[in-house]
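Student: structural data only, the sequence is not supplied:
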């Protein structure tokens, strides 16, 4: 199982267009969206809105190609060492917006920390580097807009994890799993995340577990 996003370019695109949205909303005198929610918008009937969607979709495609290349290289090594072959590839994306039909209307769904899980659709819900992950099948629950959690989710922020988790605690949580040292950065330590088994119970009406993956080794780069 590999994970890669758009390697920071997605965040830069997001920050740039969010600032443009904030500036334009102030110019338009928009009052409908509370400022404390940080939900400034870009109308799709304007060029700036269409420009943002195009940039977002480019970032998503770039991230998908990153993962494909990583998987190809890993499978090449796996095949040379074991003689085994990959059967199929499952790509799962999160943190994006998509134009879909729900409840008889065409709407934009923003899946922040969520993945699309239509009926019968395969997906991946990771735990942490020291806990199980799941291959799942979507149940197509309309009340969640056919969505599910993208993973265990954080129990503490990155900064809080670095301040509170010790090297000994992080290493003990990774016992029996081949991995490198943390070097004082504990934001990805298992303790920073929620219990994946609880998370799977909480969304049993959204997905059906198909395969439970136990981590044997972790490479972070």
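Tutor: Cool, the structure landed. These numbers come from a predicted model, not from an experiment.

Student: going forward, measure contacts and count neighbours with C-alpha atoms only.
Tutor: Noted.

Student: and residue 7, what does it touch?
Tutor: By C-alpha atoms under 8 Å, 6 or more residues apart in numbering, the contact list for residue 7 reads residue 63.

Student: again, only this time at 10 Å
Tutor: 59, 62, 63, 66 (C-alpha atoms under 10 Å, 6 or more residues apart in numbering).

Student: for this structure, list the residue farthest from the centre, please.
Tutor: Relative to the centre of the chain, and counting by C-alpha atoms, centre = their mean, the farthest-placed residue is residue 29 at 33.9 Å.

Student: what residues are up against residue 201?
Tutor: For residue 201, the contacting residues are residue 207, by C-alpha under 10 Å, 6+ apart.

Student: er, residue 190 I mean
Tutor: So residue 190 contacts 127-131, 154-155, 161, 165, 169-174 (C-alpha under 10 Å, 6+ apart).

Student: re the thing from before, okay, the residue farthest from the centre of the chain: pLDDT?
Tutor: Per-residue pLDDT puts residue 29 at 87.

Student: which parts of this protein are strands?
Tutor: For the chain, strands defined by DSSP state E occupy the ranges 96-102, 105-111, 114-116, 122-125, 133-138, 147-149, 207-213.

Student: quick one: residue 149 and residue 198 touch, right?
Tutor: No: with contact defined as C-alpha atoms under 10 Å, residue 149 does not reach residue 198; the gap is 11.9 Å.

Student: neighbour count: the two, which is higher?
Tutor: residue 149 (23 against 10; other C-alpha atoms under 10 Å).

Student: enumerate every residue touching the closest residue to the more buried one other than its chain neighbours.
Tutor: Leaving aside its chain neighbours, residue 149 sits nearest to residue 114 (4.6 Å; criterion: C-alpha to C-alpha, 6 or more residues apart in numbering). Going by C-alpha under 10 Å, 6+ apart, residue 114 touches 92-96, 125, 144, 146-151, 153.

Student: cool, residue 98 as well?
Tutor: Counted by C-alpha under 10 Å, 6+ apart, residue 98 has contacts 53, 57, 107, 108, 109, 110, 111, 116.

Student: ok so, going back, looking at the strands of the chain, which is closest to residue 40?
Tutor: strand 105-111 (13.6 Å; C-alpha to C-alpha).

Student: okay, the contacts of residue 114 in CSV with distance to residue 80 and pLDDT next?
Tutor: Listed next are the contacts of residue 114 as CSV, based on distance: C-alpha to C-alpha, whole Å; pLDDT from 0 to 100:
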residue, distance to residue 80, pLDDT
92, 26, 94
93, 29, 93
94, 32, 92
95, 35, 91
96, 36, 93
125, 28, 98
144, 43, 98
146, 39, 98
147, 37, 98
148, 36, 98
149, 35, 98
150, 32, 96
151, 31, 96
153, 35, 95
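
Student: so how do I select the buried members of those in ChimeraX?
Tutor: Per 16 or more other C-alpha atoms under 10 Å, the buried members of those correspond to this ChimeraX selection:
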select :92,93,94,96,125,146,147,148,149,150,151,153
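
Student: circling back to that earlier point, state the distance from the residue nearest to residue 149 to residue 180.
Tutor: 29 Å (C-alpha to C-alpha, to the nearest Å).
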